[in-house]
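**Student:** My questions are about this predicted structure, shown below with the sequence.
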Amino acid sequence: MSVNSHSVTTSKTIIVVGFLLGLLLSWSLMSGDEQGRVNLLHLVAVYVFLPVLSLFVSLFSLSFGRGINLASLSSYFPFWQSNLARSFLRQKQQPNSRLLFFYQSQLAAIAFSIASLSSFFILLVTTDVNFIWRTTLLDVETVHALLDWLATPWFFWTAAQPNLSLLELTQDSRLMQDYSENNNFGQWWQFILASQLFYALLLRSLVSVACKLLIVRRQSSSSIQIFSSRKKNPSSTHATVNDSTALAEVTHQVSSDYALNNWCGLDEKLVATIEQSIQQDSSNVSRQTNLPAGPLVSHSQQMVSERWQNTQLLLVKGWEPPLAELADFMQNGRGYLLPLDWNEESLKSLDVDHLNEWRRFILPLDEWQLLQLEFKRA
């Protein structure tokens, strides 16, 4: 799976998350209480203040922090399938990962708005919605001033402007139980619609377009720099063409303590044989801990190994071709990669073709060395 395909996969997932959140939240709010009454101030909080506040927080975090937003938080959900979890991990390793997560969050916000608008129109058509408002701290004049200020962007839409008399009629209180004017309660729908269109849909759409243009500009700039460097140094281009014939050096010793990463699920008896062989050459080296990783563990367990910054001894099946999943995992780590071949009773040396394949695989991974130990052939 390429880097772009990883981004497409995570984008689709995050958009679905945003759509479902919008559908569930909007439907629950618009359904109202047992009498079908919907609190206008609750809708203002969800359709105006939530989009604006979340956008401000994500922009501030993008500029001065780690880039906290819906997309980046979604990458830490523990229930993703392993292939989707790897896609999130691969995206985090990209140079513009924070900006890409921010862009995906804007797409999720747009999906949230579309879902909210869909449930809004469905309930307007199929039910008799009564919009009321109630508050303990604010009076009618204060609420009207707030709503009037929020409606400034669509000043030209007269029917969507808050009306003081309508605000007075739709105030709900335990002391006010006269609903003779309830035919007016539904007139707030145009104000609510305008609020969603401007603060949720239009605002996020403009930000997403600007963010997309910035991503494209950075990618183009990066491509130009790579092209210029290759033009200045033709030997680097020649070396790239011949990378398929280049082989990494092989080491036969472990020079520091390590954490054992049994990626291939090797039997503990054979693991003990490996450690005995290491001890013969380096008596002061020992295993520090075990790291859970590979196709046999859960995503949450593998995240522990991905955060490990010290030396690893990574055991893999030498007769299987190197996989992109393994390369993704090794990007953030360092240590020794030990491809193995074995039968039911003992370990054996790799065939030359398999060994060369692993030497080509590890060559671009500067923080890793290819380890080979002496075993008797079966």
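**Tutor:** Yes, it's here.
**Student:** could you measure the closest residue in space to Asp257 that isn't next to it in sequence against Asn261, distance?
**Tutor:** Residue nearest to Asp257 in three dimensions, not counting chain neighbours: Gln288, with 5.1 Å by Cβ to Cβ, 6 or more residues apart in numbering. No exception for glycine: its C-beta is placed from N, CA and C like everyone else's. In this view, Gln288 and Asn261 are 11 Å apart by Cβ to Cβ, to the nearest Å.
**Student:** Settle it for me: which of these two has more neighbours?
**Tutor:** Comparing Gln288 with Asn261 by other Cβ atoms under 10 Å, the one with more neighbours is Asn261, at 26 against 15.
**Student:** how about the strand or helix carrying that one: buried residues?
**Tutor:** When secondary structure is defined by DSSP states H and E, Asn261 falls within strand 258-262. Judged by neighbour count using 16 or more other Cβ atoms under 10 Å, the buried positions of strand 258-262 are Tyr258, Ala259, Leu260, Asn261, Asn262.
**Student:** One more: stretch 355-369?
**Tutor:** Applying a neighbour-count criterion of 16+ other Cβ under 10 Å, the buried positions in stretch 355-369 are Leu355, Glu357, Trp358, Arg359, Arg360, Phe361, Ile362, Leu365, Trp368, Gln369.
**Student:** Closest one of the residues you listed to Gly18?
**Tutor:** For the buried residues of stretch 355-369, the residue nearest Gly18 by Cβ to Cβ is Leu365; the value is 35.7 Å.
**Student:** got a pLDDT number for the spatially most central residue of the chain?
**Tutor:** In the chain, the centroid-proximal residue (Cα atoms, centre = their mean) is Ser75; its distance is 3.5 Å. According to the per-residue confidence, Ser75 scores 78 in pLDDT.
**Student:** Enumerate every residue touching it.
**Tutor:** For Ser75, the contact set (Cβ atoms under 8 Å, 6 or more residues apart in numbering) comprises Thr10, Phe88, Leu89, Gln91, Lys92, Phe101.
**Student:** With pLDDT added, can I get those residues in CSV?
**Tutor:** Written out in CSV, the entries for those read as follows (pLDDT from 0 to 100):
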residue, pLDDT
Thr10, 83
Phe88, 77
Leu89, 69
Gln91, 74
Lys92, 70
Phe101, 88
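**Student:** Relative to Arg66, how far out is the residue nearest to the centre of the chain?
**Tutor:** The value you get for Ser75 to Arg66, if Cβ to Cβ is used, is 12 Å.
**Student:** ditto for Leu201
**Tutor:** From Leu201 to Arg66 the distance is 27 Å (Cβ to Cβ).
**Student:** Taking strand 258-262 as reference, get the angle to the helix or strand hosting Gln302.
**Tutor:** When elements are assigned from DSSP H and E, Gln302 belongs to helix 299-306. Angular relation of helix 299-306 and strand 258-262 on a 0 to 180 degree scale: 150 degrees, by axes from the mean of the first three to the mean of the last three Cα atoms, to 10 degrees.
**Student:** Pro51: neighbour count?
**Tutor:** Pro51 has 22 neighbours, counted by other Cβ under 10 Å.
**Student:** Equivalent analysis for Ser31, please.
**Tutor:** Neighbour count for Ser31, taken as other Cβ under 10 Å: 13.
**Student:** and what of Asn332?
**Tutor:** 15.
**Student:** Likewise for Phe156?
**Tutor:** Under the neighbour criterion other Cβ under 10 Å, Phe156 is assigned a count of 7.
**Student:** Could you report the distance from it to Asp353?
**Tutor:** The separation that Phe156 has from Asp353, given Cβ to Cβ, amounts to 73 Å.
**Student:** now swap in Thr273 and tell me
**Tutor:** The spacing between Thr273 and Asp353, counted by Cβ to Cβ, is 24 Å.
**Student:** out of those two, which sits in the busier spot?
**Tutor:** Each of Thr273 and Asp353 has its neighbours counted (other Cβ under 10 Å); Thr273 has more, 17 against 8.
**Student:** from memory the more buried one sits against Trp342, does it?
**Tutor:** No - taking contacts as Cβ atoms under 8 Å, Thr273 lies outside contact range of Trp342: 9.2 Å.
**Student:** what residue ranges in the stretch 201-350 of the chain are flagged as low confidence?
**Tutor:** Across the stretch 201-350 of the chain, the ranges flagged by pLDDT under 70 are 221-245, 282-283, 295-300.
**Student:** Mind doing that once more with 80?
**Tutor:** Within the stretch 201-350 of the chain, the segments meeting pLDDT under 80 span 218-245, 280-283, 293-308, 323-325, 328, 331-332, 344-345, 349.
**Student:** where exactly do the strands run in it?
**Tutor:** Secondary structure of the stretch 201-350 of the chain (DSSP state E, counting those that start in this stretch): strands located at 250-251, 258-262, 287-290, 311-317, 334-342, 347-348.
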